[in-house]
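# test case, fold it:
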Amino acid sequence: MSDFPRLANLDYLPYLEGGEIANEWQQKIGVYAIFDAENTLQLVDYSRDIYLSLRQHLVRCPGQCYWLKGFMISRPSRSILEEIRTTWIAENGSTPPGNGAEGDRWHQPIDAKAAMSSEEQQQLAQTDDLGKIKLLKKIARRVEAEILATLAHRGVTMEIRFNPKLKEQGLLDVK
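Residues are numbered from 1 along each chain as shown. I've put the predicted structure just below:
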């Protein structure tokens, strides 16, 4: 028997407390499980800074981040972290969406190009490199505003800043 808790034995913790992710996760190494509003498991993952990972997931999948469970370890050990993640997923009985078909949505930068109108797609195809950068930044800013509005509606009060360099490629990722 390994000396880490079963997922079912951990308490559900609110993803947000007072509009922010709890500071107790900052710079902590461990495994965490994210649940939606109906307590359905969405993702099991591990991180060297759980707080930063939780912030990324909240921005990328705000509708699925309502509850979490976590287990911190004092020293980084990929093999231990992977063992816990694998055990928790098996304990769930099925692969959570974020560990399967929706993995990229949870782990990769947001591609604002997916929100382009057909006119913007035509404009992108017919412009020079500088024009493409300006158009992609404009689209990324529009998608960023939509994300920030969604987060504000969820009650998020912590500052969310996106990497400005990635906007030139039409991508959004928390800085």
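
# where do the strands of the protein begin and end?
13-14, 29-35, 41-47, 67-73, 110-111, 171-172 (DSSP state E).

# partner strands of the last one, with direction?
In its sheet, strand 171-172 lies beside strand 110-111 (antiparallel), with partners assigned from DSSP bridges.

# again, but for the fourth one
According to DSSP bridges, the neighbouring strands of strand 67-73, each with its direction, are strand 13-14 (antiparallel), strand 29-35 (antiparallel).

# what pLDDT does residue 3 get?
pLDDT, residue 3: 82.

# quick one: contacts for the nearest residue to residue 76 once chain neighbours are set aside?
Sequence neighbours aside, residue 29 is the residue nearest to residue 76 in space, at 5.2 Å (criterion: Cβ to Cβ, 6 or more residues apart in numbering). For every residue, glycine as well, the C-beta is placed using N, CA and C. Contact analysis of residue 29 by Cβ atoms under 8 Å, 6 or more residues apart in numbering lists 46, 47, 48, 49, 50, 72, 73, 74, 75, 76, 81.

# list just the nearest of these to residue 154.
Of all the contacts of residue 29, residue 154 sits closest to residue 50, with 19.4 Å by Cβ to Cβ.

# excluding sequence neighbours, find me the nearest residue to the closest one.
residue 25 (4.2 Å).

# show me the contacts for the one you found.
Residue 25 makes contacts with 32, 50, 51, 54, 70, as judged by Cβ under 8 Å, 6+ apart.
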